[in-house]
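**Student:** Okay, structure incoming, though there's no sequence with it:
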Ligand code: NCD
Ligand code: ZN
Ligand code: ZN
């Protein structure tokens, strides 16, 4: 087939290594039909899905079961992060790379965190197991002990009580410092998710400069919003870790300018409109973003660095949303435009401007914190395995035949 992209960029299909598509058990919030539609409408052709479902996916059997539920319902290729079971860190040794790219550790609880590794001794055991097995860790790094203490002050342990304003930056900074120290001691590969503050960026860059195998993700949300927006948008931008101030956001953009994050992720974490119209304290943290990720980052880049050559900016997108995650998570055939790679493509119009409104959204929850944003850049068409899975002009999708990556090699 011939493809005429005109003046648009032909990018490798984007990889979102941090989505919560909520299957099984939370499909009132999101499911793979809707989540993968939102993905391809945003140029994303591969996702890595998180384990905090009901029940959580804490074993290889649970992952294969999830893979079975997803089959025939996804437009995008996929793999999973397994949830680390603190009682059984030795499971890491039997992890099949065909289903799990990595193991996720929640260091602090919030209502969607299934198993929290709060005990420092347990955490250390997990790092030792990961170092021995070579499994990549991904971490929600917040200080669980500190948050439990704050919870008890508010008299609402285990509830949504720890409103983000009480989840101080010191909690994430302390946790990131702990991760860096464990990597230094044991040599495990650790990827810190949703970095939120300037101090964390400083800590991780220093660790990288010292040669430690620690990497990090920045989310579209932390690049797009500040605490000024959270005051305006309330529960909708309630996120864990919290969206912080302008100086923190500026530092995350600076890290991006230096090419430091290995991945940009959406942390696509939908909750229903009903849940998000409660008070901030009563509403669960998380917001959708897989459809918005690439355009929101592109919009931010063009606004912040208007002098930058658009080709250079496009290379940044590819690095952080395609080749970076493909390399970190060892995704065969993904992230590059070259002979032998999968024919996953995103046709991206860099200068298109448009306003994001709710009728363009494909996630099941039906809302976005980006509603009303004037976006620069638009995904015109998305191809997965050589076939069109999203066409903007006709607003149509392809068939739900996304593959579990590498499964055929088992
Ligand atoms: C996520 C969710 O709702 O699953 N929420 C969030 O605030 N980020 C969980 C997570 O990624 O920590
Ligand atoms: Zn998290
Ligand atoms: Zn998440």
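**Tutor:** Yes, it's here. Not measured: the values here are computed from a predicted model. Residues are numbered from 1 along each chain as shown. Ligands and ions are numbered 1, 2, ... in the order given.
**Student:** distance of the residue nearest to residue 346 when sequence neighbours are not counted from residue 319?
**Tutor:** Excluding its sequence neighbours, the residue lying closest to residue 346 (Cβ to Cβ, 6 or more residues apart in numbering) is residue 43, at 3.4 Å. C-beta here means a position set from N, CA and C on the backbone, and glycine is covered the same way. With distances taken as Cβ to Cβ, to the nearest Å, residue 43 is found 15 Å from residue 319.
**Student:** What of residue 264?
**Tutor:** Residue 264 sits 9 Å away from residue 319, going by Cβ to Cβ.
**Student:** ok, now residue 73?
**Tutor:** Using Cβ to Cβ, residue 73 is found at 30 Å from residue 319.
**Student:** Tell me the residues of this protein that contact ligand 1?
**Tutor:** Residues of the chain lying close to ligand 1 (Cβ under 6 Å from any ligand atom) are 20, 52, 112, 140, 239-240, 267, 269, 285-286.
**Student:** Kindly recompute the last result at 8 Å.
**Tutor:** 18, 20, 22, 50, 52, 106, 110-113, 140, 193-194, 238-241, 267, 269-271, 284-287 (Cβ under 8 Å from any ligand atom).
**Student:** would you list every one of the helices in the stretch 251-400 of the chain?
**Tutor:** 273-276, 293-304, 310-318, 324-328 (DSSP state H, counting those that start in this stretch).
**Student:** Give the residue spans of the stretch 301-410 of the chain that score low on pLDDT.
**Tutor:** Scanning the stretch 301-410 of the chain for pLDDT under 70 picks out the ranges 407-410.
**Student:** Residue in it with the shortest distance to ligand 1?
**Tutor:** Relative to ligand 1, the nearest point of the stretch 301-410 of the chain is residue 365 (11.1 Å; Cβ to the nearest ligand atom).
**Student:** dump the residue contacts of residue 132.
**Tutor:** Residue 132 sits next to residue 93 when contact means Cβ atoms under 8 Å, 6 or more residues apart in numbering.
**Student:** any idea of the mean pLDDT in the host helix or strand of it?
**Tutor:** Assigned by DSSP states H and E, residue 132 falls within helix 120-133. What helix 120-133 shows for mean pLDDT is 94.
**Student:** Skip ahead from that helix and say which helix or strand is next.
**Tutor:** Taking DSSP H and E, what comes next after helix 120-133 is strand 136-140.
**Student:** Quickly run through the sheet partners of that next one, with directions.
**Tutor:** Listed by DSSP bridges, the sheet partners of strand 136-140 and their directions read strand 100-106 (parallel), strand 190-192 (parallel).
**Student:** any chance of those strands in JSON lines, plus mean pLDDT, mean neighbour count and distance to residue 384?
**Tutor:** Shown next, in JSON lines, are the strands paired with strand 136-140 (pLDDT from 0 to 100; neighbours: other Cβ atoms under 10 Å; distance: least, Cβ to Cβ, whole Å):
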{"stretch": "strand 100-106", "mean pLDDT": "94", "mean neighbour count": "25", "distance to residue 384": "18"}
{"stretch": "strand 190-192", "mean pLDDT": "98", "mean neighbour count": "27", "distance to residue 384": "25"}
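**Student:** export these to TSV and tack on distance to residue 294?
**Tutor:** Output for the strands paired with strand 136-140, formatted as TSV (distance: least, Cβ to Cβ, whole Å):
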stretch	distance to residue 294
strand 100-106	21
strand 190-192	20
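**Student:** Using TSV, lay out the helices of the stretch 251-400 of the chain together with mean neighbour count.
**Tutor:** Supplementary listing: the helices of the stretch 251-400 of the chain in TSV, determined by neighbours: other Cβ atoms under 10 Å:
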stretch	mean neighbour count
helix 273-276	15
helix 293-304	22
helix 310-318	16
helix 324-328	21
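**Student:** Just confirm the residue nearest to residue 346 contacts residue 11, I think it does.
**Tutor:** Yes. Counting by Cβ atoms under 8 Å, residue 11 is a contact partner of residue 43 at 6.9 Å.
**Student:** quick one: which of these two has more around it?
**Tutor:** Taking other Cβ atoms under 10 Å, residue 43 and residue 11 do not tie; residue 43 has more neighbours (32 against 23).
**Student:** mind listing what the more buried one touches?
**Tutor:** 11, 13-14, 294, 346, 348, 379, 382.
**Student:** Would you mind listing the buried residues in stretch 221-232?
**Tutor:** 221-227, 230 (16 or more other Cβ atoms under 10 Å).
**Student:** From those, which land in strands?
**Tutor:** Among these, DSSP state E puts none in strands.
**Student:** Would you check that residue 172 makes contact with residue 143?
**Tutor:** Yes. Using Cβ under 8 Å, residue 172 is in contact with residue 143, at 7.5 Å.
**Student:** So these two - more neighbours on which side?
**Tutor:** More crowded of residue 172 and residue 143, by other Cβ under 10 Å: residue 172, with 28 against 23.
**Student:** you'd agree that one is in a helix?
**Tutor:** Yes. Assessed with DSSP: H, G, I helix; E, B strand; the rest coil, residue 172 lies in a helix.
**Student:** Could you report the distance from it to ligand 1?
**Tutor:** Per Cβ to the nearest ligand atom, to the nearest Å, residue 172 is found 12 Å from ligand 1.
**Student:** tell me the contacts of that residue?
**Tutor:** 141-143, 196-197, 200, 241.
**Student:** same question for stretch 258-269, mean pLDDT?
**Tutor:** So the average pLDDT for stretch 258-269 ends up being 98.
**Student:** wait, stretch 54-73
**Tutor:** 95.
**Student:** what does it rub up against?
**Tutor:** 21, 23-26, 31-33, 36, 49, 51, 53, 78, 80, 82-85, 88, 91, 94-96, 99-100, 114-115, 400-402, 404, 407.
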